[in-house]
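K.L.:
Kindly return the folded structure for what I paste below:
(one chain, ligands or ions: 1)
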Amino acid sequence: MASRATQSELLEQRIAENASAQQIDLTTWIFDRVALRAHDRVLELCCGTGGQTLKILELLGEAGRVVALDVSQDALHTLTSKVVPANGPKLTPIEGSLDDFSRPLRNAGLQPPSFGLVFCAYGLYYSADACRTLEEARSWLNPGGRIVVVGPFGPNNKPLFDMLRASGVAIPEPVIASSERFMIETLLPWAARNFECISLHTMVNRVPWSAPERVLNYWQNTTFYDAEKRGVFENLLRRHFEQHGQFVNEKWVMLAEMTDARS
Ligand SMILES: C[S@@+](CC[C@H](N)C(=O)[O-])C[C@H]1O[C@@H](n2cnc3c(N)ncnc32)[C@H](O)[C@@H]1O
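P.N.:
The predicted structure follows:
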């Protein structure tokens, strides 16, 4: 799971398949809820290929800054290749791990506290110890700063997982834990202990795929792909399309914004 989780070309394919079919644009939904000020200094963890970074850069003014950290150098290259020249000076890409991100930040000349916002979407569950990563994130917050974490929860991906299981695919336990339980069982208890105020937003994003190839391309770029079960899955999927004309996956999304850190 870990190595597929950091391959930027797989991430780009998954984003493309979701983005072209999802009913609600995820990035727009996030930043309609997370207000950014022109001069904000943002630390983004697990920035990937820029799914949210590009929008943050767009929303910041000239004085705003984004330090975007990811363990994958390839993802950072892809991100920087997408940044328009006017936004280049606002971005500092840093290669580093969630498990020890203060070191590369310090090596880049930064000192805590430096940020008004620490932001992480679809990545915190890759930390070996998410609570420790969150403590570290908190230590980088300016007074009055906030942490925003976005991720899946509950019946996320249920239509897809159900059909995969019916095809004999065993979804790995770390995938289920991150997809269904992480936000509720790990993130929220930590947030409640460490912040006075937590704002929660949720949405169910239907992703209607119009051809079997779209579903297969999404699956084969995930951390739960199983090449041996592809034939069985493909048969079930084609039968589903004959009956329904489309396959509708569901992304259950939670956004937690933590403000007023407890002393
Ligand atoms: C699912 S992607 C999300 C990327 C982006 N936030 C988005 O939503 O499009 C997860 C990202 O986390 C990165 N990642 C995985 N494990 C990591 C770790 N231990 N430390 C830092 N980044 C990690 C991967 O390289 C990948 O770019």
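
K.L.:
can we go C-alpha only for contacts and neighbour counts from here?
P.N.:
OK.

K.L.:
pretty sure Asn18 is in a helix, no?
P.N.:
Yes. Assessed by DSSP: H, G, I helix; E, B strand; the rest coil, Asn18 belongs to a helix.

K.L.:
Tell me the spacing between it and Asn217.
P.N.:
Separation of Asn18 from Asn217 (CA to CA, to the nearest Å) stands at 11 Å.

K.L.:
now do Gly64
P.N.:
37 Å.

K.L.:
These two: who's more crowded?
P.N.:
Gly64 (21 against 15; other CA atoms under 10 Å).

K.L.:
how about that one, what does it touch?
P.N.:
38-42, 57, 90 (CA atoms under 8 Å, 6 or more residues apart in numbering).

K.L.:
One more pass at 7 Å, please.
P.N.:
Applying CA atoms under 7 Å, 6 or more residues apart in numbering, we find Gly64 in contact with 38-41, 90.

K.L.:
quick one: which of those residues is most hemmed in?
P.N.:
Ranking those using other CA under 10 Å puts Arg41 first, with 23 neighbours.

K.L.:
just checking, it touches Glu62?
P.N.:
No. With contacts counted by CA atoms under 7 Å, Arg41 stays clear of Glu62, the gap being 11.1 Å.

K.L.:
And the residue in the stretch 51-200 of the chain positioned nearest to the ligand, what's its pLDDT?
P.N.:
Here the stretch 51-200 of the chain gets closest to the ligand at one residue, Ser97, 3.4 Å apart by CA to the nearest ligand atom. Note on Ser97: pLDDT of 98.

K.L.:
How about Ala2?
P.N.:
With respect to pLDDT, Ala2 has a value of 63.

K.L.:
all helices of this protein, in order?
P.N.:
Secondary structure of the chain (DSSP state H): helices at 2-5, 8-21, 26-33, 53-59, 73-82, 102-107, 130-139, 158-166, 173-176, 188-194, 212-220, 230-244.

K.L.:
Throw these into CSV and include distance to the ligand, thanks.
P.N.:
Shown next, in CSV, are the helices of the chain (distance: least, CA to the nearest ligand atom, whole Å):
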stretch, distance to the ligand
helix 2-5, 5
helix 8-21, 6
helix 26-33, 8
helix 53-59, 8
helix 73-82, 6
helix 102-107, 11
helix 130-139, 10
helix 158-166, 17
helix 173-176, 12
helix 188-194, 19
helix 212-220, 13
helix 230-244, 22
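
K.L.:
Mind checking these for the one nearest to Val150?
P.N.:
helix 26-33 (8.2 Å; CA to CA).

K.L.:
so Val71 touches Asp99, yeah?
P.N.:
No. Judged on CA under 7 Å, Val71 makes no contact with Asp99 at a distance of 10.0 Å.
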